[in-house]
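>>> Fold the following.
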Amino acid sequence: MAEHKYAQVRDHLLRRVSGLPVGGQLPAEAALCDEYAVSRITLRRAVDELVNDGYLIRQHGRGTFVSRPRYALKHRERFVSEVTGFFTQMTRQGHAVTSEVLTQKRTRAGSRLAAALDISPAAPVVRLERLRRVNGVTHHLAESFVAEERFPDVLGADFTATSLYAHLRAHHDVVLTRNEIVVGLHTCDGREAHLLDVADGSPLLLATSTVFDLERRPVVHGTSKFLPESAELSFDILADAD
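Below you'll find the predicted structure:
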């Protein structure tokens, strides 16, 4: 019976906080116990789960406040089979992922992209910039580059409801097997701040990656700029067997 009551309180609280703005404060613990007619142990268990899932945050001496849920993005340094990417990982977890395509155009590679994609600096590349949302909430800004000579159709494809990785697999039979990632911090400029709805100069989590196929050829090079309060990167490091 206690297990059933705990689940009821947790589910009701989740619906409740989903309708509150970020930063909204929950009533005091004693008030919630009275409202739900449960013990402090039962209430704390329900609240703890929502805190662990990122829906709530406790501030010592102040109370419990609504936060943005965290959506874990898991990258592996080396993959046994295939690199899945953000879109596939989130949809497999039951989240709705959408992309607003901001830029989709041809440009010259230049020295930096040429080195990353193993092409000539004069070669054309397709630049794809997307603002990605999870369950309607802005999550990150993604910028990807592919060699136009190898993937010319990327220039005109619709990426609002599908991923670049899925497109490459479906239309070019490309299997992605390795993702080299460098993670750092980035200070957002005015345009990025406007798109991500944060203050100009806010810190962002920056992931720069190059993805390779079965023949170890670079396929996609790009960056993702995440809001630290609503995203996290998780790495699984696999040791080579001796």
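>>> which strands and helices sit next to the lengthiest helix in the chain?
Taking DSSP state H as the criterion, the chain has its longest helix at helix 2-18. If you count contacts as 3 or more CB pairs under 8 Å, 6 or more residues apart in numbering; DSSP states H and E, helix 2-18 packs onto helix 29-36, helix 40-52. For the C-beta atoms, the positions are set from N, CA and C on the backbone; glycine is no exception.
>>> Report the inter-axis angle for it versus helix 40-52.
In terms of direction (axes from the mean of the first three to the mean of the last three CA atoms, to 10 degrees), helix 2-18 departs from helix 40-52 by 50 degrees.
>>> what's in contact with helix 2-18?
24, 26, 36, 38, 42-43, 45-47, 49-50, 55-56, 66 (CB atoms under 8 Å, 6 or more residues apart in numbering).
>>> before we move on, back to that, ranking the helices and strands packed on helix 2-18 by burial, who's on top?
Mean neighbour count, computed with mean count of other CB atoms under 10 Å, is highest for helix 40-52 among these, reaching a mean of 16.
>>> Can you give the distance from it to the centre of its chain?
In terms of CA atoms, centre = their mean, to the nearest Å, the centre of helix 40-52 is set 26 Å apart from its chain centre.
>>> cool, stretch 47-60 as well?
That offset, for stretch 47-60, works out to 20 Å (CA atoms, centre = their mean).
>>> got it, and stretch 118-135?
Counting by CA atoms, centre = their mean, stretch 118-135 is centred 17 Å from the centre of its parent chain.
>>> same question, stretch 192-201
17 Å.
>>> for that stretch, how far is the first residue from the last?
9 Å (CA to CA, to the nearest Å).
>>> average pLDDT across it?
Here stretch 192-201 scores 92 as its mean pLDDT.
>>> Same question for that stretch: list its buried residues.
For stretch 192-201, the neighbour count (16 or more other CB atoms under 10 Å) marks E192, A193, L195, L196, V198 as buried.
>>> In CSV, list those residues along with distance to H172 and secondary structure.
Formatted as CSV, the buried residues of stretch 192-201 follow (distance: CB to CB, whole Å; DSSP: H, G, I helix; E, B strand; the rest coil):
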residue, distance to H172, secondary structure
E192, 31, helix
A193, 35, helix
L195, 29, helix
L196, 31, helix
V198, 36, coil
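>>> now for those, which pair is the farthest apart?
Spanning the widest gap among those are L195 and V198, at 9.1 Å by CB to CB.
>>> Find residues that contact each of the two.
With CB under 8 Å, 6+ apart, L195 and V198 have no common neighbours.
>>> what residues go with each domain of the chain?
Listed by the TED database, the domain ranges of the chain are 1-66, 75-235.
>>> Tell me which of these is the most buried.
domain 75-235 (a mean of 16).
>>> Keeping just the C-alphas, turn whatever helix or strand L141 lives in into CSV.
Using DSSP states H and E, L141 maps to strand 137-147. As requested, the backbone C-alpha atoms of strand 137-147 are provided in CSV (Å, rounded to 0.1, in the frame of the first residue of the first chain):
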residue,chain,number,x,y,z
VAL,A,137,12.1,22.4,-24.7
THR,A,138,15.2,24.0,-26.3
HIS,A,139,18.1,21.6,-25.7
HIS,A,140,21.1,22.5,-27.8
LEU,A,141,22.5,24.1,-30.9
ALA,A,142,24.1,21.7,-33.4
GLU,A,143,26.4,22.5,-36.3
SER,A,144,27.5,19.7,-38.7
PHE,A,145,29.6,19.6,-41.8
VAL,A,146,29.9,16.9,-44.5
ALA,A,147,31.8,16.8,-47.8
